[in-house]
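1. Take this sequence and fold it.
(chains A and B)
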2 protein chains.
Amino acid sequence: MHIYCRQDLLLNSINTVLKACSTKTTMPILECILLKASNNKLTLVGNNLELGIESTIDADVINEGYIALESKIFSEIIRRMPGEVVEISTDDNFMTSIISEKSKFQIAGQSGKDFPALPDVEKANICTVNQLALKEMIRQTIFSVAQDETRPILTGEMLQIKNNNLNMVSVDGYRISYRQLQLSNENGEIEVVIPGRTLSEINKILTSEEKEDVTVYFGDKHVLFDLGDSKVVSRLLEGEFLKYEQVFSPDYETKILVDRKNFLMSIERAALISREGKKNPIRVEINGEKMIITSNAELGTAREELDVILEGKEITIAFNPKYLIDALKAIDDDNVCIHFISSLTPCIIQPEEGEHYKYLILPIRVNA
Amino acid sequence: MHIYCRQDLLLNSINTVLKACSTKTTMPILECILLKASNNKLTLVGNNLELGIESTIDADVINEGYIALESKIFSEIIRRMPGEVVEISTDDNFMTSIISEKSKFQIAGQSGKDFPALPDVEKANICTVNQLALKEMIRQTIFSVAQDETRPILTGEMLQIKNNNLNMVSVDGYRISYRQLQLSNENGEIEVVIPGRTLSEINKILTSEEKEDVTVYFGDKHVLFDLGDSKVVSRLLEGEFLKYEQVFSPDYETKILVDRKNFLMSIERAALISREGKKNPIRVEINGEKMIITSNAELGTAREELDVILEGKEITIAFNPKYLIDALKAIDDDNVCIHFISSLTPCIIQPEEGEHYKYLILPIRVNA
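-> Residues are numbered from 1 along each chain as shown, chains lettered A, B, ... in the order given. Prediction:
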């Protein structure tokens, strides 16, 4: 292989595929980035067998070929290259020289043949979504993916296409995050569970520019996100996901409307005391047009008072403040509407109107 | 104690004194901030017995008094207070209430009587320096303070006033950093060794505004930095510091002038390979008007070429790249001048003209 390419494009591409490179593995080839040069294109691939990312840039290809280079040192070298153009060439022993202006590196590579190919994904089931919209959906649900492996299926998020809506759902046993997006084009019904880690990495690659789309291909075992210059392939999780529709009951005994930012800041303050006392819950008391938030620990007490608009019964209920904070941070609206049934049943946080997001949070039982 | 004060001023003050609060200690009082209210001033004090910081702000004092509050929770509460004004009051049991708008905290404090007073520093030996100038001097020397305790005196920096110059010197056994500042006013001769940690913390408090001065009082066992609204007192280190004057010999066999930034970037690149090989030295070869920098490790090789202006003999010498990088980053000049005697003796990096900074670095012996 022998190529010339632009340093900035190459670095950008490396940063994209690096997200799929292993850092600790018993298979050193998975710590590499594969470089493939052909047809005046250079394609970089990272693949940790759960997640694979491919990124293609323009290059001046003198000799076609491929090589696998240890990702960490390769990225650091390219990041620091002095010139606008980088020359990369390999010899028969996989020794690779990287040259830019008067800077010259020689590093030992590995045969590209040993690098695991990205899985093929059938292109039968397709959905096209705006990149920014998908990015927002991930941000607003990713935090309640289960962190422990007790139920592996919950370490992923469900992506569901139903009635021409895209639904994303995550659940960690204490709370559920739900986000819906109306799709503009006709779509068949699909339901897959994508590992949380894949979604976190895709989130970093998705652009914030409003006009770019991403095409998602759903296979049996894999999902492919096609962003044009880059492609992300991920393994799907297998198993039965929570039947979330049943848990979001429209019934309530208490409904409040509250300023999201003030509510968030009050809970964050009350949590300062609660955190010191290690997982002490915070108590929320809806009392006429007031919400009183209190927390108690050995260290001291906090008391916060907020105005709310109440419909229905007064209620006192306790929560792990972290779950409220995560949900309130994920929402962008000025006001949120919260439904309660009793102090022992979950509350549901949702927009004042519509149902495009819903957060369900289990309360903590406390003595009266 | 009962006071009202501005939240932003209080937070600023907390952030200043927090640098002297212990985080892990067998004396819980050292984890506190002392609050003293009198004469419509609130004074905050942090003191870990090595370093003490005091900061004073305006306050509306209803009742004078003092209280010690656990620094971490106190700072977090004040940081998140919703209003512009904070009210703090204590009762006889040291229970402290902190109120701002509809947010109210009650935390258990400790008696201010148990808080260790800052040591008195005699005001006999005084020196006044521009804050920005002192900040720069610390930045340009602090990195070569010894990190290990083998020779405790070297974990500090020498501050020396001599011939109306302020000299600062640090040495860690492999290199020496020297920085000089001409003082505008008459000063007696002084030589003290200040703990590196103290200087790091003072560096964060010193302003970058050009017109502010700091007055330094040198006592027998302590030094006091008076910045007006805040005061920093530090223990001095006792022992014999290196006689640095003797090691900066003006003799040389090789003298080069090189572009600092290009030299720095070349070494940083070469160090990528050297770092992988764990402490492999980088080799510097001065060869006519060229400097060739090379490094070799199992992983591969790097080669860099730079233009230099040479005076004297050609030379090949090897270094730990970190020491060159630290020195070159600390310097602001476009070009630096480097003196060599042989490949087994230290090199000296200094400005093209003048002697206001000098860095001495020991070479590494390598096989030819």
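
2. For whichever residue of the stretch 251-368 of chain A sits closest to chain B, which non-adjacent residue is spatially closest?
-> Across the stretch 251-368 of chain A, no residue is closer to chain B than residue A:300, which sits at 3.4 Å (CB to the nearest CB). Glycine gets a C-beta too; all of them are placed from N, C-alpha and C. Once flanking residues are discounted, residue A:300 sits nearest to residue B:107: 3.4 Å by CB to CB, 6 or more residues apart in numbering or on different chains.

3. what residues does chain A put near chain B?
-> Residues of chain A that fall close to chain B, judged by CB under 8 Å from any CB of the partner chain: A:70, A:73, A:76-77, A:80-82, A:95, A:102-108, A:265-266, A:268-269, A:272-273, A:276, A:299-306.

4. Buried subset of those, written for ChimeraX?
-> Listed next is the ChimeraX selection for buried residues among the residues of chain A next to chain B, using 16 or more other CB atoms under 10 Å in any protein chain shown:
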select /A:70,73,76,77,80,81,102,103,104,105,106,107,265,266,268,269,272,273,276,299,300,301,302,303,304,305,306
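
5. Mark which of the residues of chain A next to chain B are part of strands, please.
-> When these are checked against strands (DSSP state E), the matches are A:70, A:95, A:103-108, A:300-306.

6. so where do the helices sit in the stretch 1-150 of chain A?
-> A:7-17, A:71-80, A:131-139 (DSSP state H, counting those that start in this stretch).

7. I'd like to know which of those helices is closest to residue B:186.
-> Taking CB to CB, helix A:71-80 is the member of the helices of the stretch 1-150 of chain A nearest to residue B:186, at 48.8 Å.

8. Now do that closest one: which elements does it pack against?
-> Judged by 3 or more CB pairs under 8 Å, 6 or more residues apart in numbering or on different chains; DSSP states H and E, the packing partners of helix A:71-80 are helix A:7-17, strand A:32-38, strand A:95-100, strand A:103-108, helix B:260-276.

9. Pull out the buried positions in stretch A:305-321.
-> For stretch A:305-321, by 16+ other CB under 10 Å, it's A:305, A:306, A:308, A:310, A:315, A:317, A:318, A:319, A:320, A:321.

10. If you could redo that for stretch A:283-291, that was the one I meant.
-> Result for stretch A:283-291 [16+ other CB under 10 Å]: buried residues A:283, A:284, A:286, A:291.

11. Would you mind naming the helix or strand containing the second one?
-> Secondary-structure element containing residue A:284, defined by DSSP states H and E: strand A:282-287.

12. Check which helices and strands the following helix or strand past that strand sits against.
-> With elements assigned by DSSP H and E, the helix or strand that comes after strand A:282-287 is strand A:290-297. Strand A:290-297 sits against helix A:260-276, strand A:282-287, strand A:300-307, with contacts defined as 3+ CB pairs under 8 Å, 6+ apart.

13. you'd agree residue A:234 is in a strand?
-> Yes - assessed by DSSP: H, G, I helix; E, B strand; the rest coil, residue A:234 belongs to a strand.

14. Next up, the contacts around it.
-> Neighbour list for residue A:234: A:50, A:51, A:52, A:194, A:195, A:198, A:202, A:222, A:223, A:225 [criterion: CB atoms under 8 Å, 6 or more residues apart in numbering or on different chains].

15. which intervals of the stretch 151-300 of chain A have sub-threshold pLDDT?
-> A:275-279 (pLDDT under 70).

16. Can you add mean pLDDT and distance to residue A:176 and give the helices of the stretch 1-150 of chain A back as TSV?
-> Compiled in TSV, these are given as follows (pLDDT from 0 to 100; distance: least, CB to CB, whole Å):
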stretch	mean pLDDT	distance to residue A:176
helix A:7-17	97	31
helix A:71-80	96	36
helix A:131-139	96	15
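
17. out of those, nearest to residue A:216?
-> helix A:131-139 (8.3 Å).

18. after that closest one, next one along is what?
-> Heading C-terminal from helix A:131-139 (DSSP H and E), you reach strand A:156-162.

19. Report all helices and strands that that following strand contacts.
-> Counting contacts by 3+ CB pairs under 8 Å, 6+ apart, strand A:156-162 packs against strand A:165-171, strand A:190-195, helix A:196-205.

20. That one pairs with which strands?
-> strand A:165-171 (antiparallel), strand A:190-195 (antiparallel) (DSSP bridges).

21. tilt between the shortest one and helix A:196-205?
-> Yep, that's strand A:190-195 we're talking about. If you take axes from the mean of the first three to the mean of the last three CA atoms, to 10 degrees, strand A:190-195 sits at 90 degrees to helix A:196-205.

22. Name the residues that touch strand A:190-195?
-> Here strand A:190-195 has contacts from A:50-51, A:125, A:127, A:153, A:155-162, A:218, A:223, A:234-239, A:241, using CB under 8 Å, 6+ apart.

23. Quick one, which of these are buried?
-> A:51, A:125, A:127, A:155-161, A:218, A:223, A:234-237, A:241.

24. okay, the helices and strands packed on strand A:156-162 in JSON lines with mean neighbour count next?
-> Converted to JSON lines, these look like this (neighbours: other CB atoms under 10 Å in any protein chain shown):
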{"stretch": "strand A:165-171", "mean neighbour count": "21"}
{"stretch": "strand A:190-195", "mean neighbour count": "20"}
{"stretch": "helix A:196-205", "mean neighbour count": "20"}
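
25. Relative to residue A:328, which of those is closest?
-> strand A:165-171 (16.3 Å).

26. Tell me which residues touch residue A:253, please.
-> Per CB under 8 Å, 6+ apart, neighbours of residue A:253: A:312, A:313, A:315, A:340, A:341, A:342.

27. which one of the buried residues of stretch A:283-291 is nearest residue A:139?
-> Looking across these and measuring by CB to CB, the closest to residue A:139 is residue A:284, at 25.4 Å.

28. And the residue of the stretch 1-150 of chain A closest to chain B?
-> residue A:107 (3.4 Å).

29. For that residue, name its beta-bridge partners.
-> Applying DSSP bridges, one finds that residue A:107 bridges with residue A:96, residue B:300.

30. Check the gap between it and residue A:72 for me.
-> 11 Å (CB to CB, to the nearest Å).

31. Likewise for residue A:184?
-> 42 Å.

32. of these two, who's got more company?
-> residue A:72 (16 against 10; other CB atoms under 10 Å in any protein chain shown).

33. Surely that one touches residue A:31?
-> Yes - the criterion here is CB atoms under 8 Å, and residue A:72 meets it with residue A:31 at 7.3 Å.

34. Common neighbours of these two, please.
-> Joint contacts of residue A:72 and residue A:31 (CB under 8 Å, 6+ apart) are residue A:23.

35. Against residue A:318, how distant is residue A:287?
-> Applying CB to CB to residue A:287 and residue A:318 gives a distance of 15 Å.

36. nope, residue A:224 is what I was after
-> For residue A:224, the distance to residue A:318 - CB to CB - is 44 Å.

37. go on, residue A:257?
-> Residue A:257 sits 21 Å away from residue A:318, going by CB to CB.

38. so residue A:322, which of the three states?
-> Per three-state DSSP, residue A:322 ends up helix.

39. partner residues bridging residue A:2?
-> As assigned using DSSP bridges, the partners bridged with residue A:2 are residue A:63, residue A:89.

40. residues near it, how many?
-> 16.

41. Could you pull up the residues touching it?
-> A:37, A:61, A:62, A:63, A:65, A:87, A:88, A:89, A:90.

42. can we see that at 6 Å?
-> A:62, A:63, A:89 (CB atoms under 6 Å, 6 or more residues apart in numbering or on different chains).

43. my guess is residue A:80 meets residue B:271, correct?
-> No - using CB atoms under 6 Å as the test, residue A:80 is too far from residue B:271 to be in contact (9.6 Å).

44. got any residues that touch both of those two?
-> Counting by CB under 6 Å, 6+ apart, nothing touches both residue A:80 and residue B:271.

45. What is the three-state secondary structure of residue A:242?
-> Put simply, residue A:242 is coil when judged by three-state DSSP.

46. Fine, thanks again, bye for now.
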